[in-house]
Every structure is written in C-alpha cells, then in structure tokens.
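**Q** pasting a predicted model and its sequence here:
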Amino acid sequence: MEEFLQNSGFLIVTMVQQSLLAMSLYYPLMAGQLSLASPGFYALGGYTAAIIGTHEFFTPLRESIGWLAFPLEWLVAGVLSAILALIVGIPALRLRGIYLALATIAFVEILRVLCLNLTITGGAIGIFDVPQLFESRWSYIWIFGPLLVMMLFFSYRLEKSRTGRAFQAIREDELAADSMGINPTRYKVLAFVIGAVLAGIVGAMSAPFLNTWNARQGTFDASIAYLAYVLIGGSRSIWGPLLGGAMLSALPEVLRPLKDSRLIINGLVLVFASIYMPKGIAGVISRLKRSLTWKSRKNGGEA
Amino acid sequence: MKRVAIAAISLLAVATVAQAELVGKPIPIGIGVAQTSNVALLGEEEVNGAKIAEKYFNDNGGINGTPFKLIFQDTGGDEAGAINSFQNLMNRDKVVGIVGPTLSQQAFSADPIANRAKVPVIGPSNTAKGIPQIGEYVGRVSAPVAVVAPNAVKQALKEHPNIKKVAVLYAQNDAFNTSESGTFQETVKKMGLQIATIQKFQTTDTDFTTQVTAVLGANVDLAIVSGLSADGGNLVKQLRQLGYKGPIIGGNGLNTVNIFPVCGQYCDGILIAQAYSPSADPKNAINNALVKAYRDKYKKDPPQFTAQTFTAVQVFVEALKKVEAATKKKITQMELAKVREELNKQIRVGTYITPLGKISLDHEGEIHQENFYVAKIKMNPDNKTGKYIYVK
Amino acid sequence: MALLELENLSINYGAIQALRKLSLEVHQGEIVTLIGANGAGKSTTLRGISRLLGLKEGKIRFDGKDITSAPPHAVVKMGIAHSPEGRQVLARQSVEDNLLLGAYVRNDKSSIHEDLLRMYRLFPRLRERKDQSAGTLSGGEQQMLAIARALMSRPRLLLLDEPSLGLAPLIVLEIFSIIRALNEAGTTILLVEQNARLAMQHSHRTYLLEAGQISFSGPSKELLQDERVLHAYLGG
Amino acid sequence: MGTAQFIQNFLNGISIGSVYAIFALGYTLVFSILGIINFAHGAVFTLGAYFTYTLTVGQFGINGLLAGLTIDNHLPFYLAIIIGSTLAGLVGVLLERLAFKPLRSRGGDQLLALVSSLGVALVLVNAIQYLVGAEIYTFPAEVYGTMKPAIMFKVGEQPVVIRTVQVIIFAVCMFVLAILGFLISRTRIGKALQAVAENQATASLLGINVDRIILFTFFLSGFLGGMAGTLVGTSFGIAGPYFGVTYGLKGLAVIVLGGLGSIPGAVLGGMVIGLAEAFVPADYSAYKEAVAFAFLFIILLLRPQGLLGRPMIQKV
C-alpha cells in the first residue's frame, strides 16, 4: 500500500487538484456563464504562495508565524483572486456564450505575458525552492482532500439556497430571471468570483505541491483542458467536473505503458467521449442508475 | 473475512518494507526527458544521445561485465509530467539514478522529489541558476552558460576590432536564453561596447521582422542572438535576408545542427558559443566514438544535447563502476537504496573524460568543464548541412 | 392515385408525442386544408413531410415512391416545396438571392429567369425590393417572399404553413387568390391555416387535426356546414 | 517616428498580419457555417505543410517511424502545394465526419465540438510526431525560383526593407480573399453556403444538401489551412508538429477582432493585429505578445461582433 502511494500518490493528488480546478469552472457555468478564466486565477494564487513563501520581504513574517504561513497564503490568494475577479468580471460578464469564453482567454494570456516580464514573478524561470508543507507528495491530499469535501458540501448547500436557485434561473433564461426580480449581473459576478477564489486557493496550494511556479502554469492549454473536464464529466451537476477532472488528468498517466502512442489514444478518447457521452460521465452514470432502478421496479411489478 | 484481508495487506506492506530490494539486472538507469509536447524537439536529441550511450557502454562491458539498461519515461513538456515520470522511474522501474528532465523549470519541480527519495539525478540540459542547489542528489552536466558566453564576444572582437554598437536579442519565455542573454549583456558592457538595442521574442515566434528592422535601424556592428533552434534560426535568416551584414553571435541554444535547415545559407559565419563541439579535439577518443556512432546512424554530427545526455549516462556508468570498486561488491547484489546513496557519492568523485572534454562534478553537483568552445558555422554547398568549425 | 400519402405517422418532440398515427392523402390537383387548434400538430405534419423532423413510425409516399427515409433536400428535388411558418427567409441575403435560392434544385437556367419574372409579376412588391436584404422586409412581404421562393422550385406539391399569419386582411385575400391561381395552373397544395374559414373556402378538402390525430375529414364545402366544426373552429 | 520608420513598421505589420490572416481564413470559415471553433485547424495547417514537404522534398529526418525515408519522385512546388492542400482538405472532410457530424446528429451540446476537435488536434499532432519526429523541416529556398530574399527601397535617405516571401504571402492572401469572395457571393455553391450559414433548416427546405455543404466547407477550410501552412512553412520552416497549433490562439484573437465568421474580417483582423504588434515600441517588445489579447478583450467589450461581423444571434 505504501509503495502504491509512493508511486501514485502524486497522481491521485493531481486528480483531486484538477477536479477542483474543473469545479472552479462549474460555478460560473451554474449561472450559465462559460468562463475559461480559472487558469489565470490559478496562476495568481500560485505566485502569491510562491512569493510569500520565498521572497525576502516576507522572511520576518514567515519566521514569526511558522506553518501558519500556508493558510495565510491561501487566504491572501483567495482575497486577491476575488478582487481581480471583480475587476475583470464586472465588464466581461456582460458578454455571453463563446464571447465571454474568449474574453476570459484573453485575460489569461495577458496575465501570462505580464508574469513572464515582472521581476517579482521570476521571469521565465519563475520561482523555485518553494517551502514545503509536507515531505511526500501524497500527504498533500490532506489539504486538497478537505478542500474538495468542503467544496462538495458548499455546492450542495449552494444548489439548495436562494442564490443557487437564482443561478439556475439565470442559466435557464436570463431575461426571465431579470423580470422575476433577480439581478443577473450581481449573481453572474458572484458565481464568477466563487470560481476565481477556488482557483486562486488551489493555485496557492499547488505551488508547494509542484515545488516551483512559473508562467507556464495557467495557460490557454489549461483553459481548454478544464473545459474538457467539465464537458466530458458533465456540466449539469458538481459530480461532472469532479469526475471529468479526475479521469482526464489521470488518462495520460494510465496510458503511459503505450509509450509513443499514448497521446494519440488520449486524443481519440476525447473524441469518442464527446460523441458517445453527450451528457458527460455524470450523465452516463445517472442514466445507468435510472435504467437500473426502472428495471428493478419493472421486475418487482411483474413479480 | 475483511479482517483477514487487512491482515494480509499489512503483512505484505511489512514484507515489502522489511525485505530490502536488490538492484535489478540489467542495472536500470532512468531517462526522464520530453518525448512528447512542443519540448520534444529538444527531448528527441536527448533520447538519441542516451540510446547511443546505452549501446556504446554495454558493448564495452557495461558495469564491470554487468549490462545496464535505460528506461525511458516521457515527461511531456510540463511540471506535473516531469514529476510523474520521475515517480515511475524511482518507484516502479527501480532505477539507480535518473538522467533528466529536459527543461530547467521541470527540474525545479521534479528534482526535489528525487532528492528527498535519495535518488541521484543528472540534468542533461538544465542550465538555470540554482539547479545543483536543489539538493545533494541533484547534479548536472550542462554548464550554466555564464562561462561560455564571454568567449564568443572576445572572438567576435578579435575578428572585427571595430565593433562599437551591439544589438542583443533573446527569447524571453525561455529560462536558459533569458539568463544567457543577461551574461552576454554584462560581457558586452564590461568590454566597453554599447548596447544599442535589446529585442525580446518568444520561442514560439516565427516572424521577427519587427525585431530585425529595429536592429537595422540601430545601425549595430554586432548582433547577439539567444534563442532555440527554430526561433533563433529564423531570426538569423531574417536578419540576413533583410540586409544585416555584420557579425552574428549565436547563443548556446543555436548549438545544434537543427538550425542548419532553418537558416540555410544564412547560417554561414555565425559564431556559436558552445558547451560541446563535435570537432574541437580530434584526440578525444570517446567523442570520436560518439560522433562516429551518430554519423553512422543519422548522417550528421551530434548536437550538444545529444552529447550532454550521452555524458550523463557515461557519468552514471563510470560512477557505478567506482561503486563496485569502493564496496568490493557487485551492484546487482546490493540493496537499491544503498546503491543510490553510494552512486551519488561516487558521481562527485574524480574526473570524467567525456565528449564534452574533461569534466568533474563538485560536491554540489555542479559541472566543472575544462573546455568551452567557440565555433563558426560553415555551410556546405547544398545549404542544408554544415559544420561547426572550431575557432577557440 | 394520391400524390401524397401519409400512413400512420407518429412524431415525437422529445418526450411529447406530437403526432399519433396520422394518415392523410392529397390528390393531384387538389388544395387540401389542415385545420386545428394551436399545438394540434399541423406544422409538425408539414415538417414531417418535408423531412425536417424525424419520424417515430409511419410511412410517407410521394407520387408512389416511399420518401420516408429521404433527406430534406432530396424531397425538394422530387417536387415538394415547403413555405415554412413565420419569417423563415434568409434575412442577410437579398430578396432576389432568396428567390434564386428557391430554384436551387433546378438546372434550367433560362426558365429560372422566366420564373423570377413571373414571381415579380405575381408579387410586384418583391420586385420593388429585390435588392434589399430580406431581413428588412415587412412581415407580409416576407410571407410573400417565402411563398414565392417555394414556388421557384416549380413544385408539384406545395406545403404552405400559415400564409396569412400576421398579415393585413387585404393582403391575406391577395395571397389566397394567388394560391387559387397557382392551383389552377396545376400545383397541388397542402395548406395549414389558422384562419380556417378562409382556408376552407379556398380548398377542396379539409382535415381536422386534434391532439395529433385526424378527428374529421371531408370536402371543405360539407365541413363548412358542419355544426361541430363551425362551433369549434369557425367561431360560429 | 520618421516617415521611413513609419513605412517600415507598416510593412512589418502587414507582413506579420498576412500570416495571421491566412491562418484565420479557414478557421473563420468553419465558424461561419457551424458556429463552432475548430481547434483542430492548427493541426490541419501543420499537416498541409508536411504534405507539401513530402511531395517536394520527401526527405525525412532522424526521428519517428519514417526516419531516414527518402522519396525520390519530387513534384514541382506549385503542383505539390495544390495536392498537399487538397490532402489537407480531405483531412478536413475526415475531421468533419469523425468529430463533428456525429455530435450534430446526436444533438449534443455544441460546446462538445470544442472538445472533440481538441481531441482530433491531439491525435494529429502526436501522430505527426510519431511518424516524422519533432524535428524542423524546411523547404529549399528555390521553391519560388530565383528571387532576391528581400526587397529594399529608400524613403528619403532611410532604407526600408521587406522579405520577398512575405510579399508573396500577402499577395496570396489577397488573391485567396478575392477568389473566396467570388466563390461565396457569386457562385451557386457559395450562395448555398451562405444559406446554410444563416439557417440550416431553411436551407434544407430549399433543396440544399446541408450535409454536403458542411462537408464542402470543411474541405475548403482544410485546403486553405493546408495552403497557409505550406506558405508559412516556406517562410519560417516547419518547426515541428506544434508549428500550426501555436497560431491557434492568436488566430482566435484575429477572427474575433474581424468578426466571427466574417471572411474579409479574418483578413482585416489579421492586419490590424499585425500592425498593432509592429508598432509596439522597441523598448516594450516584451509585451508584444499581449497586444493581440488586449485588443481581443477590448473589442469584445466594445463591439462583440467584431469589426466586420454582424450583430450575432447566439450560436455558441
């Protein structure tokens, strides 16, 4: 068992981490907004943690509070992400559909070029030797895991709340929601900020997890990867991004024995998954569940 | 039933911990470089070097008669991929040491993990500052370019004493080129020359018209280009096509035969700062062997990353031999953890005569390389192939 | 023999069954009207015939040939033109381009031009606006355009969906006289209409559609006298 | 900035812009008809360059399955680019059949087309690497005959220069734009294409075989992509399997700026972004990369339909 965790621990934690990032896309989507900004906030969070963790300016602070520096990093990353999300979100969320997605992609790219050029972000090399919270990669499950559980619980509560119903209403029909007295802009920005804060915190947790941080984290490729997680997982329930993120991020590793052709197969899986699972993995599961219960009821009736 | 299962599992766990693992036979050495993604252009050169080294050293008796085998795990181009590759090599493939990863950024991510697991790593192409300092198990055979660059500038001045104004161009999204360019800029200033313009680009760029016309507008006498093969080669080509006639210095990233097809006839005359030269020392037997094997197989001279990866494998092989000499035991009869520890010690002892010339790794794992080279590119009449003519 | 024959046609919209085993016939040279309440399945029937909608079951025969599994464009080629409900003109294209696209299935260049002129004679208003983009036309003009465009394919069977929708009474009368004229010139017509009385006055036979099924059918003249039909659909 | 400098920057901008534009033409074509972004366009672009390379030079490098293979029958460049682009067009057709059509006929979420085209891109790029490695392949300088590599003229005392191959790309770009313009607004198939782009159901009621028009569009897009890939390849070399993919992102900025789905818009968008990049002052060249995206962000806020686009009905 220990050996298994030694070897696959990093991958398992990565699956949780990517699930969380997929979830960060899900909240705006709950309110009908296709935002691909998460990698930007993920990068911001990572830089926040890496800078607080390594910059000499923060040395006295780190020395005085010890391991509490880590939760502090998460907090600061969350707050900064929220502020940036408000600045970007308020103008950008007037856009819809693919236009919003494109605007958020632009945001991610602008941020990337900025990080590549600033001194504080370490330029192309980035920031390395980021202080560690745990010795082994597997132990990072103790921060990503609880965050995942918390987010699941949060999503569950959110869906049942007034806010969640407002999101739903906007997703179904923004104009109708508006006429029902729901302020679409407010809720759209709120959903965007929730996703941004989550991505920022995940980034702050990931900098120690990956040992280093640079401008290659949080790019257009990541935007598209997260979108694939949500769509292949299923965009109609929180389980979708969770499953999609976990499975798609594990796929290239699972295919590792195929060597040279592993990414070809990975691509084929994406194609077939989108064609044969239009409602995502979550959709397939709920259909299976339905057909099973239906069958058992039918069998029960006949008996 | 359940309890029995748990007991069995814990027994197994105890057993694996208690029963110390021996090194497999043939002795496994890991190669974790980028075989996919857009970094694969560099990774492929490394794979080729590793494969030639595997054949060469096994044909020459392996490790005192015991053969070794290389195990390849693709890192892809990102940090997580590098970690996954290293984890697989260390835990599943049970390698004694790892050659990799391709990029410095990946090294900052994956090397600490190998270091904590006490698995020796030799970087074949990680040149950023701070790599050997990651930990005691991390070393490299790729010299940080600070020592290489000044020579090229000196050579250019020797050939063209009238140089006054210099243009510096570099790929800003690449760690190596950014730091190399920094060194170039310092050198230029120290020599009392004027930096007339600094132009930045991306390794993914192809069109350099803006940068080139800025250089032309600045009326410089020397252009120094730090880039990788595709972008650097294109930049040189466009400089020449648009009428730049002065000397060009290429950074170490241009030290690859891969640029020949890119800039073709326009490659002619570029001064290249080299950490490896296929032709500098005709008496270097091991380099001759590498060059011959490479030519036989690929019909051209080996690029620097190929030579450096070959060297990394060579360092492992020779250090393994030293481990056997020191412990008076066969590697295959030793515990894996012990071999890794001893191997790491031996890597840092003594010198190696490699295709890079005479090198050693200091206690930190930093390479000390006796010779650096400056070469001038001479293109063949077909304008597709060429050679590096060693000038210093 | 019937020109068009529907046999036990069933069509689903998602989980909702819009048509249930509907059968009807249209003979060569007829004008047949399909009337019924909103949501009874009138437009669905037409969309089924022109193959815009997939069938759950049933058969469609046109001129003796089974077209049940033919794609929509093939159906047009065989001689069925469908002027859809609402403003289904190509708004970005000019009026003339819309008309020429109506003749997309034809290869006889010279007679296409003749037909174009014929349409302009039938609908002078379209001639006035021929270079305007279709999106700028009024509702009535768009309706005319849709009909004219359908005619440009020289159909043997014309499916007309709500030609009077949203039009001023005078224009409605104009359109119905055109329909009559077309029919006299040899085009068979299947008509769906809200304005049931008017449609029945201009047609040979009528089918009454209720909840996806035919509940009544017969010669229009007889149905116009029928108490129940009068009561339910003709507001009298 | 002097006149000469201004003209030089302008020419630089146009020449960079033509590359963006020529990439974007096929990209925007598929969007115009299906309302989706085809992420595999960059891969088809790359593939076209490799096809033409195979037909003209036919000499493979040292990595991949085809390592060391040499094909002795060489075609003249003009023939090779046509056949190579046609092959790329056929790949486009295959792409539509395998990755897009099944989604359409199953009525899945339109966004899934992004994922499946991404999957195809992944397959193509890695298949290329599997076959020919990640090496750089270049066309011989003679493909355009014996021309001077650059054109130089003087404005006042100041020299102004431009690479000949850039002039060729610009000319081809304009030529293609004219041909496409004619094809789309003057021919039967072009009219049908416009009808399908506007409303597929209505188009099918006119007897237009929508499926075939979509297929034709993908062929055209692939053909244009393949040709663009070849041309750009002659200018810069084929820098590995990711060569075209790197244009994908900036291509998005280009087609949005010009107006999603607008063909003249793609050309205009390319030129505008090329010019904007060219006029970035030398001291800020590090931020040049961000210019296109700053433009993208701003244009989306001010005029989401782009410079030449029509106000859009939501498509996806």
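**A** Structure received. Numbers count the residues shown, from 1 in each chain, chains lettered A, B, ... in the order given.
**Q** give me phi/psi at B:His160?
**A** phi -130, psi 90 (degrees, to the nearest 10).
**Q** which pLDDT value goes with it?
**A** pLDDT for B:His160: 94.
**Q** how about the nearest residue to it, chain neighbours excluded?
**A** Leaving aside its chain neighbours, B:His160 sits nearest to B:Pro247 (5.5 Å; criterion: Cβ to Cβ, 6 or more residues apart in numbering or on different chains). All C-beta atoms are positioned from the backbone trio N, CA, C, and that covers glycine.
**Q** how many neighbours does that neighbour have?
**A** Neighbour count of B:Pro247, defined by other Cβ atoms under 10 Å in any protein chain shown: 20.
**Q** separation between it and chain A?
**A** Distance, B:Pro247 to chain A, by Cβ to the nearest Cβ, to the nearest Å: 27 Å.
**Q** so that residue makes contact with B:Leu271?
**A** Yes: proximity of B:Pro247 to B:Leu271 meets the contact threshold set by Cβ atoms under 8 Å, at 6.6 Å.
**Q** overlap in contacts of those two?
**A** Common neighbours of B:Pro247 and B:Leu271 are listed as B:Ala156, B:Glu159 (criterion: Cβ atoms under 8 Å, 6 or more residues apart in numbering or on different chains).
**Q** now for A:Met30: which residues touch it?
**A** Residues in contact with A:Met30 (Cβ under 8 Å, 6+ apart) are A:Leu158, A:Glu159, A:Gly164, A:Phe167, A:Gln168, A:Arg171, A:Ala191.
**Q** SS state for the residue of chain C found nearest chain B?
**A** As assessed by Cβ to the nearest Cβ, chain B sits closest to C:Arg92 within chain C, at 35.2 Å. Look at C:Arg92: counting by DSSP: H, G, I helix; E, B strand; the rest coil, its state is coil.
**Q** what's the pLDDT at it?
**A** pLDDT, C:Arg92: 87.
**Q** which one's the longest helix in chain B?
**A** helix B:304-327 (DSSP state H).
**Q** do chain C as well
**A** The residue-count maximum for a helix in chain C (DSSP H) belongs to helix C:169-184.
**Q** buried stuff in that one?
**A** C:Ile171, C:Val172, C:Glu174, C:Ile175, C:Phe176, C:Ile178, C:Ile179, C:Leu182, C:Asn183 (16 or more other Cβ atoms under 10 Å in any protein chain shown).
**Q** most widely separated two among those?
**A** Spanning the widest gap among the buried residues of helix C:169-184 are C:Ile171 and C:Asn183, at 18.8 Å by Cβ to Cβ.
**Q** so which residues of chain C form strands?
**A** Per DSSP state E, chain C carries strands over the ranges C:2-13, C:16-27, C:31-36, C:57-62, C:65-66, C:80-83, C:157-161, C:188-192, C:205-210, C:213-219.
**Q** tally of neighbours for the residue of chain C closest to chain B?
**A** As a burial measure, C:Arg92 scores 16 neighbours (other Cβ under 10 Å).
**Q** identify the residues contacting D:Val123.
**A** A:Ile264, A:Gly267, A:Leu268, A:Val271.
**Q** with adjacent residues omitted, what lies nearest to it?
**A** Leaving aside its sequence neighbours, D:Val123 sits nearest to A:Gly267 (Cβ to Cβ, 6+ apart; 3.6 Å).
**Q** surely the one you found meets D:Ser116?
**A** No: with contact defined as Cβ under 8 Å, A:Gly267 does not count as touching D:Ser116 (9.6 Å).
**Q** so which strand or helix has the residue positioned nearest the centre of chain B?
**A** Centroid-nearest residue in chain B: B:Ser125, 2.5 Å away (criterion: Cα atoms, centre = their mean). Taking DSSP states H and E as the definition, B:Ser125 sits outside all helices and strands.
**Q** next one: it from chain D, what distance?
**A** B:Ser125 is 15 Å from chain D, by Cβ to the nearest Cβ.
**Q** then A:Ala207?
**A** According to Cβ to the nearest Cβ, A:Ala207 and chain D sit 23 Å apart.
**Q** how many neighbours does the residue of the stretch 151-300 of chain A found nearest chain C have?
**A** Closest contact between the stretch 151-300 of chain A and chain C, by Cβ to the nearest Cβ, is at A:Arg290 (13.6 Å). By the measure other Cβ under 10 Å, the count of residues near A:Arg290 is 10.
**Q** then D:Ile37?
**A** Neighbours of D:Ile37 (other Cβ under 10 Å): 26.
**Q** so who does it touch?
**A** With Cβ under 8 Å, 6+ apart, D:Ile37 has these contacts: A:Ile98, D:Tyr27, D:Val30, D:Phe31, D:Leu114, D:Ser117, D:Leu252.
**Q** surely the third one and D:Ala40 touch.
**A** No: with contact defined as Cβ under 8 Å, D:Val30 does not count as touching D:Ala40 (9.5 Å).
**Q** ok, those two, which is more surrounded?
**A** Using other Cβ under 10 Å, the more surrounded residue of D:Val30 and D:Ala40 is D:Ala40, with 32 against 28.
**Q** neighbours around A:Phe220, how many?
**A** Neighbours of A:Phe220 using other Cβ under 10 Å come to 19.
**Q** I'd say it and D:Thr246 touch.
**A** No: between A:Phe220 and D:Thr246 there is no contact under Cβ under 8 Å: 10.2 Å.
**Q** need the pLDDT of the residue in the stretch 151-300 of chain A positioned nearest to chain B.
**A** Using Cβ to the nearest Cβ, the closest approach of the stretch 151-300 of chain A to chain B is made by A:Thr212 at 3.7 Å. We have a pLDDT of 96 for A:Thr212.
**Q** show me the contacts for D:Val143.
**A** By Cβ under 8 Å, 6+ apart, the neighbours of D:Val143 are D:Thr56, D:Phe77, D:Thr234.
**Q** then B:Ile249?
**A** Applying Cβ under 8 Å, 6+ apart to B:Ile249 gives the contacts B:Ala152, B:Val153, B:Ala156, B:Phe184, B:Leu222, B:Ala223, B:Ile224, B:Val225, B:Ile270, B:Leu271, B:Ile272, B:Ala273.
**Q** report how many residues lie close to the residue of chain C found nearest chain A.
**A** Across chain C, the shortest distance to chain A (Cβ to the nearest Cβ) belongs to C:Ala15, at 13.6 Å. Neighbour count for C:Ala15, taken as other Cβ under 10 Å: 5.
**Q** how about low-confidence regions in the stretch 101-250 of chain D?
**A** Counting by pLDDT under 70, the stretch 101-250 of chain D shows no low-confidence range.
**Q** and chain C, which of its residues are near chain D?
**A** C:50, C:52, C:71-74, C:76-77, C:81-82, C:84, C:88-93, C:97, C:100-102, C:104-105, C:149-150, C:153 (Cβ under 8 Å from any Cβ of the partner chain).
**Q** related to what we said a few turns ago, ok, the residue of the stretch 151-300 of chain A closest to chain B to chain D distance?
**A** For A:Thr212 relative to chain D (Cβ to the nearest Cβ), the value is 22 Å.
**Q** secondary structure element holding the closest residue to that residue other than its chain neighbours?
**A** Closest residue to A:Thr212 apart from its sequence neighbours, by Cβ to Cβ, 6+ apart: B:Phe108 at 3.7 Å. For B:Phe108, the host element (DSSP H and E) is helix B:104-116.
**Q** mind listing what's buried in that helix?
**A** B:Ser104, B:Gln105, B:Gln106, B:Ala107, B:Phe108, B:Ser109, B:Ala110, B:Asp111, B:Pro112, B:Ile113, B:Ala114, B:Asn115.
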